[in-house]
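J.: The sequence and its predicted three-dimensional model are supplied below.
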Amino acid sequence: MDEALRKLRESIASVYMGNALVVDRLVACLLARGHVLIEDVPGVGKTVLANALARSIHADFSRIQCTPDLLPTDITGAAIFNRQKEDFEFRRGPIFANIVLADEVNRTTPRTQSAMLEAMSEGQVSAEGAVHLLPDPFMVIATQNPYEFEGTYFLPENQLDRFLMRISLGYPAPDDEVRILDVQPARTTLQSLKPVLEKEEVRELQAQTDAVRLDRSLADYIIAIATATREADDLQVGLSPRGSLAIAQAARATAVLAGRQHCIPEDVVENILPVCAHRVVSKSAMHEGDTITARRIMQRILESVPSPV
């Protein structure tokens, strides 16, 4: 594994004492130029994990605490009248950072949620008749509570599709929870965390990820899975071409984390659920945002499509 990646993983793990696979998936999203949605109950370390990644990179970081009264201009910025110039000038909002943490994103209204849509997909913000480019690298880490909790708004499908992965942390193992009680990393280690990566190093790692070889047999495998979702009787909406692209890019990032310059079938398989479950819509969903049913269907489809040798 690349030394820079090893340092980044160790830096995050020094604060987030939980599932190591979650750390790898977060780093994979960074390498793949993707955004990540972290969903779980309060108190399991969603914000700590996002902060740990942001503090481990020497880059601009901003946090947006989403509330029901948050306005779109609170995220993107707005035109402010400059008395000295006697003209309006655009004052940039917190979305203009390399790493953006949108905390409890489903507590704000759909109108405000959609303000992040163009930024996440195009890397730019249109405001006051002008286009403002976002910095590079750019990554949104959004956290949310499950939809069953009161005071939450359902994220629309077109915005969910902009997240490369949707991951859940789960509760820590007993041994990890003992370490958390002993060290209290959110109060101690997190504040003293020093950057281990420069922005230029992140860009180099992303270029390295783009160059990873994906054989035709693996591309056909991804397309076969996507086609199976589109033809499944219990899915209302199958995987879009953007979803197929997301699987391929996540597989490339997984290969880089494993120290390889080529993808293998396992790189595709282990990314199917985190990349695809939030992109498909089940006909038998128990409620809006039900990912359990979607994950069950995706697992069945994955097992039904033969993997290349």
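T.: Arrived safely. Residues are numbered from 1 along each chain as shown.
J.: Averaged pLDDT, the helix or strand Asn51 falls within. What do you get?
T.: Here Asn51, judged by DSSP states H and E, is contained in helix 46-55. Helix 46-55 carries an average pLDDT of 88.
J.: which residues are in contact with the following helix or strand past it?
T.: Scanning forward in sequence from helix 46-55 by DSSP H and E, the next helix or strand is strand 57-58. By C-beta atoms under 8 Å, 6 or more residues apart in numbering, the surrounding residues in contact with strand 57-58 are 8, 98-99, 195-199, 202. Heads up, the C-betas are built off the backbone N, CA and C, glycines and all.
J.: Could you export the residues you listed as CSV, including pLDDT and secondary structure?
T.: CSV is the format used below for the contacts of strand 57-58 (pLDDT from 0 to 100; DSSP: H, G, I helix; E, B strand; the rest coil):
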residue, pLDDT, secondary structure
Leu8, 93, helix
Asn98, 92, coil
Ile99, 92, strand
Pro195, 91, coil
Val196, 93, coil
Leu197, 92, strand
Glu198, 92, strand
Lys199, 92, helix
Val202, 94, helix
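J.: Neighbour-wise, which one of the residues you listed leads?
T.: The most crowded member of the contacts of strand 57-58 is Leu8, carrying 26 neighbours; neighbours defined as other C-beta atoms under 10 Å.
J.: Name all residues that make contact with that one.
T.: Each residue near Leu8 by C-beta under 8 Å, 6+ apart is listed here: 27, 53, 56-57, 196-197.
J.: can you rerun that using 7 Å?
T.: By C-beta atoms under 7 Å, 6 or more residues apart in numbering, the contact set of Leu8 is 27, 56, 196-197.
J.: and what of Ser307?
T.: 221, 265, 269.
J.: Need the max-distance pair from the contacts of Leu8.
T.: Greatest spatial distance in the contacts of Leu8: Val27 and Val196, 11.9 Å, computed using C-beta to C-beta.
J.: ok, of the contacts of Ser307, which one's closest to Met139?
T.: Of all those, Val269 has the smallest distance to Met139: 24.5 Å, by C-beta to C-beta.
J.: Quick check, pLDDT for that closest one.
T.: Val269 is given a pLDDT of 95.
J.: likewise Ile64?
T.: pLDDT at Ile64 comes out at 92.
J.: my guess is it is in a strand, correct?
T.: Yes. Ile64: assigned to a strand according to DSSP: H, G, I helix; E, B strand; the rest coil.
J.: what's across from it in the sheet?
T.: Ala102 (DSSP bridges).
J.: check contacts around it.
T.: Ile64 neighbours (C-beta under 7 Å, 6+ apart): 75, 94, 100-103.
J.: cool, and Tyr153?
T.: Applying C-beta under 7 Å, 6+ apart, the residues near Tyr153 are 106, 108-110.
J.: hmm, try it at 8 Å
T.: Counting by C-beta under 8 Å, 6+ apart, the residues that Tyr153 touches are 106-110, 113.
J.: If any of these are buried, put those into a PyMOL selection.
T.: Selection of the buried residues among these in PyMOL, burial being defined by 16 or more other C-beta atoms under 10 Å:
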select buried, resi 106+107+108+113
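J.: From the contacts of Tyr153, which land in strands?
T.: Nothing among the contacts of Tyr153 maps onto strands, per DSSP state E.
J.: Pick out whichever of the contacts of Tyr153 sits closest to Ala248.
T.: For these, the nearest to Ala248 is Gln113 (26.9 Å; C-beta to C-beta).
J.: Let me see the confidence value for that closest one.
T.: At Gln113, the model reports a pLDDT of 85.
J.: Then Gln84?
T.: For Gln84, pLDDT reads 81.
J.: Contacts only, for it.
T.: Counted by C-beta under 8 Å, 6+ apart, Gln84 has zero contacts.
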